[in-house]
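A.B. asks: Sequence plus predicted model, see below.
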Amino acid sequence: MAVWAKIFFYYATMLGSTGSTLTATSTSSGDYNVAYIYNMLETNMWRSANTTTPMYLTYDAGAGNTKTADYLAILGHNLFTAGATITLQYSSNGTTWNDAFTAYAPSADTVILKEFTSPGAYRYWRLAITGTLSVIPYTTLCIWGDRTELDWVSGAFDPYEEEVKANISKSYGGHIAGIHTMYSERELNLKFDDADATLYNKIKAWWDISGIKNFFVAWDKTNSPNDVYLMHPGLKFSNPFKMGGVYRDIKIDLKGRKA
């Protein structure tokens, strides 16, 4: 029987950092600002103005600043349909660029998570979109930065738990007269018993930086690498000490729309 891997969070991103800029090679007219890609909302997007490649979403940390990254996460895109090939690139001068990983052609318009060995700290980073595109590309969420490795969960949980949000009409006799399904919501309930200070500090950093916003989580990237979910926590953060004040019991309840 396969052993589950550790939980990984993907929330820390250089995009939007103080003094930085993010530009796109082209942007469609209308409400398609490239800054939307890192607001962690699913209600708006960046969209190119054309299919001319190569096209880039370029991050500049600002003079004197450098950033590191070891993952790229994308959701709400049409890069497969467009026939695009993508990679993340980095540069110290904005002129000479290197690939963080081998250029990749998405196999579906579903969540993309690419992990790689961090090349170090650089001022410039960019998402490179190449290929002969059949339609204008877009993406709703696209972030890159440093992943967070947590630990193995302590208790059982169902990674495929979901609740259907629907209005069901019934007749006076109890017969179903109609069903209006709105969406399905995933639930992921994580427990880390007897957590030490190292694990707690990672959880606290996630809460302080990401808060109740959406972020990406992989529950078992070894055995289920495609199970990368966009989720958000509840409104309460509480991880009590156990007797003695050394270890904590950590419980994180996550929810997210099933894409």
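C.D. replies: Yep, it's here.

A.B. asks: what about the strands in the stretch 101-250 of the chain?
C.D. replies: Under the criterion DSSP state E, counting those that start in this stretch, strands of the stretch 101-250 of the chain are mapped to 112-115, 124-130, 138-145, 148-149, 162-170, 176-195, 215-218, 228-233, 248-257.

A.B. asks: Run through who's touching the last one.
C.D. replies: Residues external to strand 248-257 that are found in contact with it (C-beta atoms under 8 Å, 6 or more residues apart in numbering): 42, 183-195, 199-200, 203, 214, 217, 229-234, 238-242. All C-beta atoms are positioned from the backbone trio N, CA, C, and that covers glycine.

A.B. asks: Please find the angle between the direction vectors of that strand and strand 162-170.
C.D. replies: Angle of strand 248-257 versus strand 162-170, following axes from the mean of the first three to the mean of the last three C-alpha atoms, to 10 degrees, is 50 degrees.

A.B. asks: quick one: strand 248-257 to chain centroid distance?
C.D. replies: Using C-alpha atoms, centre = their mean, to the nearest Å, we find the averaged C-alpha position of strand 248-257 to lie 16 Å away from the chain's own average C-alpha position.

A.B. asks: average pLDDT across that strand?
C.D. replies: Strand 248-257 carries an average pLDDT of 94.

A.B. asks: And the fifth one, by the same measure?
C.D. replies: Averaged over strand 162-170, pLDDT sits at 88.

A.B. asks: Shouldn't residue 65 be within a helix?
C.D. replies: No. With DSSP: H, G, I helix; E, B strand; the rest coil as the criterion, residue 65 is coil rather than part of a helix.

A.B. asks: Pretty sure residue 148 sits against residue 10.
C.D. replies: Yes. Contact between residue 148 and residue 10 holds when scored by C-beta atoms under 8 Å: they sit 7.4 Å apart.
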